[in-house]
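**Student:** one predicted model, sequence on top.
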Amino acid sequence: MIAAIAIQPPLRATSRSTAEQDVWAELRAEAEAALIEEPLYAGIIQATVLDQRSLAQALAYRLAHRLGDGDLARLAMRDLCLSAFEADPLASGHAVRDLVAIRERDPTCRRYLDPFLFYKGFAALEGYRVAHWLWHQGRATLSLHVQSRISEVFGCDIHPAARIGSGVFIDHATGVVIGETTVIADDVSILQSVTLGGNGKESGDRHPKIERGVLLSVGAKVLGNIRVGEGAKVAAAAVVLHDVPAHTTVAGVPARVVSRLPLDEEPALSMDQSFGFGDGI
């Protein structure tokens, strides 16, 4: 079932620590090495990571430099992000598990520093967490401003009222849309151009519920208040209009079950986007 609040252990044992102090120490060590590797970028690395006292402070600084604008200056955005991270006891843990998820699932990621500085999927997700905190503080106007900036800068539109767990990997992020009443559990992987949207003009609870360990492949569209079961795989470009059983692969327009997966298969972690039987050429 969907865990909307508490951080759960990863689906399987990870080869990397998910303790905040360990990830922060490794991130700092990578930053120190990068100072030598690329002197022209040394000032940014120093200010963003090495001059900060915690992962929360470093993340607030980085988000502020990417999301701050003429309407809300970087300094104000930094203070806003830091307030959100410090007020939410789960925020740093979410960010750590999101970083570890990228290291575990993205073959191009060679260190924590890369997604922390450059991956817009990670930045969009952590920026959403700030907007989500604001939304639940009753500060809808500022929350929607942050959402708007995330959409403008990263090309990824996540409504601040959506509920998203930890260990979530948004790869590339371009064109991803996540609607207001969407719920995404822990350990989900989402690729570019995925839409988790409504189906028509109905109000109320109208968006998908994505259970733990689901893989949403490139361009998948999941529409309406439907459930994608634990460990399921939604194939590239599929249009899903009905519930997806746990541990199945669905594909096509409209999507249909094309294979059943072993209970121990973890598509969100393996990132295997094949259909199983009937893959074609």
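**Tutor:** Received it, and whenever you're ready, just let me know what you need.
**Student:** please name the residues that touch G231.
**Tutor:** By C-beta atoms under 8 Å, 6 or more residues apart in numbering, the residues touching G231 are 211-214, 246-247, 261, 263, 265-268. Every residue, glycine included, has its C-beta placed from N, CA and C.
**Student:** hmm, try it at 6 Å
**Tutor:** Contacts for G231 (C-beta atoms under 6 Å, 6 or more residues apart in numbering) come out as 213, 246-247.
**Student:** need those in CSV (columns: secondary structure and pLDDT).
**Tutor:** CSV is the format used below for the contacts of G231 (DSSP: H, G, I helix; E, B strand; the rest coil; pLDDT from 0 to 100):
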residue, secondary structure, pLDDT
G213, coil, 97
A246, coil, 98
H247, coil, 97
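**Student:** between those residues, which has the most around it?
**Tutor:** For the contacts of G231, counting by other C-beta atoms under 10 Å, the largest number of neighbours falls to G213: 25 neighbours.
**Student:** from G167, how far off is that one?
**Tutor:** Going from G213 to G167 by C-beta to C-beta, to the nearest Å gives 10 Å.
**Student:** what is in contact with these two at once?
**Tutor:** Common neighbours of G213 and G167 (C-beta under 6 Å, 6+ apart) are D187.
**Student:** quick one: the helices in this protein?
**Tutor:** Applying DSSP state H to the chain gives helices spanning 20-37, 42-45, 55-67, 74-87, 91-105, 113-118, 120-136, 140-154, 267-270.
**Student:** out of those helices, the one nearest D186 is which?
**Tutor:** Between D186 and the helices of the chain, the tightest spacing by C-beta to C-beta is seen for helix 91-105, at 7.7 Å.
**Student:** could you export the closest one as PDB, CA atoms only?
**Tutor:** The C-alpha coordinates for helix 91-105 follow below in PDB (Å, rounded to 0.1, in the frame of the first residue of the first chain):
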ATOM      1  CA  ALA A  91      12.900  16.500   4.500                       C
ATOM      2  CA  SER A  92      16.600  15.800   4.700                       C
ATOM      3  CA  GLY A  93      15.900  12.000   4.800                       C
ATOM      4  CA  HIS A  94      13.800  12.300   1.600                       C
ATOM      5  CA  ALA A  95      16.600  14.200  -0.200                       C
ATOM      6  CA  VAL A  96      19.200  11.700   0.900                       C
ATOM      7  CA  ARG A  97      17.100   8.700  -0.300                       C
ATOM      8  CA  ASP A  98      16.400  10.600  -3.600                       C
ATOM      9  CA  LEU A  99      20.100  11.100  -4.100                       C
ATOM     10  CA  VAL A 100      20.900   7.500  -3.400                       C
ATOM     11  CA  ALA A 101      18.200   6.400  -5.800                       C
ATOM     12  CA  ILE A 102      19.900   8.300  -8.600                       C
ATOM     13  CA  ARG A 103      23.200   6.700  -7.800                       C
ATOM     14  CA  GLU A 104      21.700   3.200  -7.700                       C
ATOM     15  CA  ARG A 105      19.500   3.500 -10.900                       C
END
